[in-house]
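K.L.:
sharing a model prediction with you, sequence too.
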Amino acid sequence: MSDKHLYQLLEELPQSGVTVTVLNALDYIVPGSWQNITNFEQMIRATTGEEDQAVIQAIGEKAVELYSDPSRGYQRAVWVYQMVDSVDKVAGAAALANKLANKWSFGFLERFTPKADNAQAVDAALKFAAELATFCLINGIPGDSVGDFAASLLDNSKEDIMRIAAWLAIDCVIPFGPDAIGRMIDGVQKIQSGELANNSLFQGLQRFLPGGSIDDQRRLVQTNLEASSGFLSNFISSRGLQQQDLLQRVRHYVDIADDKLDYVGAILDMATNYYEHTGIQTTTRRVIAHAYASL
Amino acid sequence: MRSHPSSGGVPVYPVTNEVQPTMYRTNVLWIAAVSLTLSACCGGEKKEPSRWDPENKNKPPSATATATATSRPTAPATTNKPTPPPTPAPTAEAKADCKKPGTGAMNKAFPADNTDGFKRIYKTDKDDLAEAEYTKGKEKLVLAIKFDPSRKGEYGSVSDKVAGFPYKPFGKNKSNIFVKDCYLVSASSQEVAEDARKTWLGKFNFSALP
């Protein structure tokens, strides 16, 4: 868990670099939804529309206070966002990337070998489970009914929709193609409990997933994906997400020589912190909204 | 089988004595909810102290001005990392009259879906805060109920009333009433003006508040 204040987490996010470059390259999927806000005051202004400095100061102080209380769940949400991006990475990959002309180069990763397909599919599925876990940690379970909760969960905008778009592009469509959701469901169905128990991402996420056993939790991840498949597949098709098109767009900014699509997806996943980056922005925006509601 | 250059172990989440909130509801709702609906730079230089740091006493003059906002308690000084602020001691009256409602208890007080053609989406359900967003076209309004008996003194002398409860605006986009000496009920919007926000405050079902 981070021992930093909320404003520090936000203001330490990069304004440029591999992660921001890749997010900008994928912005066309959800045009106008995401701005790379890394300034606390700017986030307060964007969230509330307030302009008076005394009001902005009060909102900011209240937000810092709310985030500082570990029982409110915000710190755990940030921990999950960070954990998802920190496991199974080449340490410091982003820092080692070279900027050549207008492109980022990953020549140092030439000898990298991605995980087997099934393991990569399971990781992608677990990231979706992480999305649900962080939503509940930040917002609780809004509404009185299942329909209320689902409507709330689906009402994504801003950083949330950018993160889902990046996840679908980098973790799903680039490595697995248009039937990515089916491949993930298949991967979760096939994985043995022992193998899942050794999965780094699952180990980090396990305590946030309901269920009394690994099998229960595996079924939960699978059920959530199956239930979401209509929405996610529709997102992929309606936004025109296609492997070759995505690859071409990303290659405009990132120099990846290999044509193997699972390799490209894995490289992008390892070399970026898009999940943590947009996750901290999501958390900051929601804590500010909660602070505003408290004043 | 090919190898993967993993960086190593999973980060260890610090153990706390907090209770996992709403885990039972999470169990039930996670699966069901999704099933129903989804199927359809830092250099080495020393930094200036931040205006947001609870330790920083040198805030901009405007931040310490006599605005409504600054009358609220601020985060306390800490050592070198965030720590929970001391909970404001509620008054004896508040202790006697107000009981924390818990998650799910405040939702029924919100105006119904499709009120005046606005679509309602619940956004937050914490044990002391419930929030719903109402949208119609480009108009967006956030209604919220915050359980906060400590505000009683602040609203005790307010003469302006909405729906019979003391009313005060906050900033330029938020309207508050203090209900039953326990709840801060608010309407905020960047598109909906203050008069209309006041009207929305009157649409709450206050009898549904525990």
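P.N.:
Everything's here; your move. Since the model is a prediction, treat every value here as computed from it, not as a measurement.
K.L.:
and whichever strand or helix holds A:Ser228, how far out from the chain middle?
P.N.:
Assessed by DSSP states H and E, A:Ser228 sits inside helix A:214-238. Distance of helix A:214-238 from the chain centroid (Cα atoms, centre = their mean, to the nearest Å) equals 16 Å.
K.L.:
next secondary structure after the lowest-mean-pLDDT helix or strand in chain B?
P.N.:
Every helix and strand of chain B was ranked by mean pLDDT, DSSP states H and E. The lowest is helix B:92-97, at a mean of 48. Next helix or strand after helix B:92-97 toward the C-terminus (DSSP H and E): strand B:119-125.
K.L.:
just to be sure, A:Ala283 is in a helix?
P.N.:
You called it Ala, but residue A:283 is Thr. Yes. With DSSP: H, G, I helix; E, B strand; the rest coil as the criterion, A:Thr283 is located in a helix.
K.L.:
now do the contacts for it.
P.N.:
A:Leu6, A:Leu9, A:Tyr67, A:Tyr74, A:Ala77, A:Val78, A:Tyr81, A:Thr134, A:Ile138 (Cβ atoms under 8 Å, 6 or more residues apart in numbering or on different chains). No exception for glycine: its C-beta is placed from N, CA and C like everyone else's.
K.L.:
can you read off the pLDDT for the fourth one?
P.N.:
The score at A:Tyr74 is 96. That number is its pLDDT.
K.L.:
nearest residue to it other than its sequence neighbours?
P.N.:
A:Tyr67 (4.9 Å; Cβ to Cβ, 6 or more residues apart in numbering or on different chains).
K.L.:
does the one you found fall in a helix, a strand, or a coil region?
P.N.:
helix.
K.L.:
ok, back up a step: just checking, what packs against the helix holding A:Ser228?
P.N.:
helix A:117-139, helix A:180-190, helix A:193-197, helix B:23-38 (3 or more Cβ pairs under 8 Å, 6 or more residues apart in numbering or on different chains; DSSP states H and E).
K.L.:
closest to A:Ser238 among the contacts of A:Thr283?
P.N.:
Using Cβ to Cβ, A:Thr134 is the member of the contacts of A:Thr283 that lies nearest A:Ser238, at 24.6 Å.
K.L.:
does the closest residue to that closest one other than its chain neighbours lie in a helix or a strand, and which?
P.N.:
Nearest non-adjacent residue to A:Thr134, counting by Cβ to Cβ, 6+ apart: A:Ala77, 4.4 Å away. According to DSSP H and E, A:Ala77 maps onto helix A:74-86.
K.L.:
quick one, that helix and helix A:117-139 angle?
P.N.:
160 degrees (axes from the mean of the first three to the mean of the last three Cα atoms, to 10 degrees).
K.L.:
check the offset of helix A:74-86 from the chain's centre.
P.N.:
10 Å.
K.L.:
give me the pLDDT for the residue nearest to A:Ser233 when sequence neighbours are not counted.
P.N.:
Excluding the flanking residues, the one nearest A:Ser233 by Cβ to Cβ, 6+ apart is A:Ile181, at 5.4 Å. With respect to pLDDT, A:Ile181 scores 93.
K.L.:
let me see the contact set for A:Ile181.
P.N.:
A:Ile181 neighbours (Cβ under 8 Å, 6+ apart): A:Cys172, A:Leu225, A:Ser228, A:Ser229, A:Leu232, A:Ser233, A:Ile236.
K.L.:
redo that, cut-off 10 Å
P.N.:
Residues counted as contacts of A:Ile181 (Cβ atoms under 10 Å, 6 or more residues apart in numbering or on different chains) are A:121, A:124-125, A:128, A:168, A:172-173, A:225-226, A:228-233, A:235-236.
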